[in-house]
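Student: got a structure for you, letters missing:
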C-alpha cells in the first residue's frame, strides 16, 4: 500500500540521506521507489570507497528489522572479485546488520589458490555468530531416495540405478539432478 511505501521512503531517506544517489546509480529502480533523489556532494576520491561501503551498510540496516529480517545469499564466493569479497566480509562484520542472516557458498578446493577468498573467510570466521557447514557428496541412502523420488518409484526398486548414478556423479546433488 501507498502508506507503507511512504513509510519506507522516509526511513531510507532519513537513514541514508543524499548518499542514496550512490545506490540509485547502481539500481535505477530505487529512484522510482524513493522519488526525487537529491544531488550528491562530491568528495575526495580517496574517500569514495569508504562512503560507498557505509552507504550500502546503512541502506541494508534500514531494510533489516527484527520484524522483517533480511537474508543475503552470496553464492560461489570463490568466483567473486576482491571488492565483492571485501563488501561481503564488511557486511557480515557490521553490528548494524544484526537483523540480517548471511549465507555464502564456496568450493573448498578453490581456497588455496584464492588469497582474496582466504582473507574474506578469515574475517567472517572471527564473527561469533558464524557457523561453518561443509557439504559432502550424498550418501547411498540419500542418493537412492533422490533417484526414487525423481522417477516416482519406491526406493526398494532403485538401488542398482542409484549405484550407477553415484559412479557417474560422485554423489554431487547437482550432477545427480542433471544426470537424471
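Tutor: Ah, there it is. Everything numeric here is computed off the predicted structure, so don't read it as measured data.

Student: so what's the gap between the helix or strand where residue 52 lies and the chain middle?
Tutor: Residue 52 is part of helix 48-63, with elements assigned from DSSP states H and E. Helix 48-63 sits 16 Å away from the centroid of its parent chain (C-alpha atoms, centre = their mean, to the nearest Å).

Student: with stretch 67-82 instead?
Tutor: In terms of C-alpha atoms, centre = their mean, the centre of stretch 67-82 is set 1 Å apart from its chain centre.

Student: how about residue 101, secondary structure?
Tutor: For residue 101, the secondary structure call by DSSP: H, G, I helix; E, B strand; the rest coil comes out as strand.

Student: what comes up buried for stretch 141-156?
Tutor: Buried residues in stretch 141-156, counting neighbours by 16 or more other C-beta atoms under 10 Å, are found at 143-144, 146-148. Placement of C-beta: from N, CA and C, glycine included.

Student: show me what stretch 52-60 is in contact with.
Tutor: Stretch 52-60 is contacted by residues 12, 15-16, 19-20, 22-23, 70, 72, 87, 90-91, 94, 96-97, 100 when judged by C-beta atoms under 8 Å, 6 or more residues apart in numbering.

Student: what's the answer for stretch 121-131, then?
Tutor: 88-89, 92-93, 104, 106, 111, 132.

Student: narrow the residues you listed to those in helices?
Tutor: With DSSP state H as the criterion, helices contain 88-89, 92-93 from among the contacts of stretch 121-131.

Student: can you redo those residues as CSV with distance to residue 80, neighbour count and pLDDT?
Tutor: Converted to CSV, the ones in helices among the contacts of stretch 121-131 look like this (distance: C-beta to C-beta, whole Å; neighbours: other C-beta atoms under 10 Å; pLDDT from 0 to 100):
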residue, distance to residue 80, neighbour count, pLDDT
88, 7, 19, 93
89, 11, 23, 93
92, 13, 21, 94
93, 16, 14, 93
